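K.L.:
Quick one, fold the following:
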Amino acid sequence: MADSAELLEQMRQKLEFFEQANRAADARAAGYESMGTELRTVEASVQSPDRAVTVVAGLSGSIKEIRFTEDAAKLSPSQLSQSVMTTLQQAVAAAARQQAEIVQGHSGIAIVERVQKTQQEIFGQPADPPARPRPPADDDDDTGSIFRRDDRW
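P.N.:
Residues are numbered from 1 along each chain as shown. Coordinates of the predicted model:
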């Protein structure tokens, strides 16, 4: 049977483990909050090549604004419709890339390439480069991930 000093040391080690886990959980929660704050700022503005239409897309493909210039009046209804749809798709795709960059920057999950590949398959052309490159992490030991690599419970 373990003596009281050994038992006390085991309890101290378990307490330290749970305190570390709690600190890590707090850090992950702060990371989630930071990611959510960044995601709420996602916005991509795309203007059609004919400059008749500008679409502003936000988080999750939301359309925040569609603007028309005087050039839109020079287009036939079918040309205007095509211009709106193409510009809308490009704006939503750009916002999706921004969203993926933010998630990848916080989670470490390689998602940007998958989003770009999917967009390339859908649109049949190479995807534009990411709209907002992520700065490198300040801490060399930290991957920047809000997820733990060694969850041991």
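K.L.:
Would you map the strands across this protein?
P.N.:
For the chain, applying DSSP state E gives strands covering 43-47, 53-58, 63-68.
K.L.:
Looking at those strands, which one is packed in the most?
P.N.:
Among those, ranked by average contacts under mean count of other Cβ atoms under 10 Å, first place goes to strand 53-58 (a mean of 22). Where C-beta positions appear, they are placed from N, C-alpha and C, glycine not excepted.
K.L.:
Mean confidence (pLDDT) on it, please.
P.N.:
Summarised as a single mean, pLDDT over strand 53-58 is 96.
K.L.:
Listing partners with orientation, what would you give for that strand?
P.N.:
Strand 53-58 pairs in its sheet with strand 43-47 (antiparallel), strand 63-68 (antiparallel), by DSSP bridges.
K.L.:
and the last one, average pLDDT?
P.N.:
Yep, that's strand 63-68 we're talking about. Averaging pLDDT along strand 63-68 yields 96.
K.L.:
For residue 46, see how far away residue 78 is.
P.N.:
Residue 78 is 20 Å from residue 46, where distance means Cβ to Cβ, to the nearest Å.
K.L.:
And the pLDDT at the nearest residue to residue 106 once chain neighbours are set aside?
P.N.:
Excluding the flanking residues, the one nearest residue 106 by Cβ to Cβ, 6 or more residues apart in numbering is residue 35, at 4.1 Å. What the model reports as pLDDT for residue 35 is 86.
K.L.:
for this structure, which spans come out with low pLDDT?
P.N.:
Counting by pLDDT under 70, the chain shows low-confidence ranges at 1-2, 125-153.
K.L.:
Helices of that one, residue ranges please.
P.N.:
4-39, 77-107, 112-123 (DSSP state H).
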